[in-house]
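> Show me the folded form of this:
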Amino acid sequence: MNPSASPELHPITHARFLADVALLGRRIEADAWMPDILVGIGRGGLVPAVYLSHRLNRPMLSIDYSSNLLALADPALAGIAAKSAAGVRCLLIDDINDSGGTIGQLRRLLRDQGSDLRHVRFAVLLNNDSSGETVDYCADNIDRKIDKRWFVFPWEALAAEEAIVEEALSLPDRLA
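Numbering: from 1, shown residues only. The predicted structure follows:
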């Protein structure tokens, strides 16, 4: 993609979001591993985590990861690490596994804080098959090597288009 060109914005409708959450819930329910708690990864994973919390009838926590102030996320991560070390099954939820950066960093931080990663899993609405990290559950798959659309989830719909485009252009490797 030409760096000065606008990305192809692809809005996810609310109906599609609901269908994807329902599908993700069914996939989790079909597995023998059922989470004890859900953890929404802020910002994009918070809304799907709330919906899944109701669908699966499980409590939900959140981690503020999007602020890029890891000191704010550290106490929550330490708590999740301690819970998983005690055998509590924790399902971390995000909207998209794109490059794998978020999931990879959270795995490293949890491991560094003593987490038992056997009790930690990840779920996303949209998974990039060519990501550097894998997830345990997803509603849909894309391949960023081919699919260059910039997905706009319903909770982002009120953002100014310029802000969405600016964010997309700040990550040119996902669009090139």
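
> Run through the neighbouring helices and strands of the helix or strand that contains Ile96.
In this structure, Ile96 sits in strand 90-97 according to DSSP states H and E. The elements that strand 90-97 packs onto, with contact taken as 3 or more C-beta pairs under 8 Å, 6 or more residues apart in numbering; DSSP states H and E, are strand 37-42, helix 46-56, helix 70-85, helix 101-112, strand 120-128. C-betas here are computed from N, CA, C, even on glycine.

> nearest to Val165, of those?
Taking C-beta to C-beta, strand 120-128 is the member of the helices and strands packed on strand 90-97 nearest to Val165, at 19.1 Å.

> For the helices and strands packed on strand 90-97, which has the smallest mean pLDDT value?
In terms of average pLDDT, helix 70-85 trails the rest of these, at a mean of 85.

> Run the chain-centre distance for it.
Its chain's average C-alpha position is 17 Å from that of helix 70-85, according to C-alpha atoms, centre = their mean, to the nearest Å.

> and it, what does it pack onto?
The helices and strands touching helix 70-85, judged by 3+ C-beta pairs under 8 Å, 6+ apart, are strand 37-42, strand 60-64, strand 90-97, helix 101-112.

> buried ones in it?
Taking 16 or more other C-beta atoms under 10 Å as the neighbour-count basis, helix 70-85 is seen to contain the buried residues Ala73, Ala76, Leu77, Gly79, Ile80, Ala81, Lys83, Ser84.

> Could you do stretch 99-113 as well?
Here stretch 99-113 shows Ser99, Gly100, Thr102, Ile103, Leu106, Arg107, Leu109, Leu110, Gln113 as buried, counting by 16+ other C-beta under 10 Å.

> if I look at the closest residue to the last one other than its chain neighbours, how far off is Leu175?
For Gln113, the nearest residue in space outside its immediate sequence neighbours is Ala81; the separation is 3.8 Å by C-beta to C-beta, 6 or more residues apart in numbering. As defined by C-beta to C-beta, to the nearest Å, Ala81 lies at a distance of 34 Å from Leu175.

> now do Val165
For Val165, the distance to Leu175 under the criterion C-beta to C-beta works out to 11 Å.

> Please say which of the two ends up with more neighbours.
Set side by side, Val165 and Leu175 show more neighbours around Leu175, with 18 against 14, by other C-beta atoms under 10 Å.

> what's near enough to touch the more buried one?
Remark: with contacts taken as C-beta atoms under 8 Å, 6 or more residues apart in numbering, Leu175 is in contact with Met1, Pro7, Lys148, Trp150, Ala168, Leu169.
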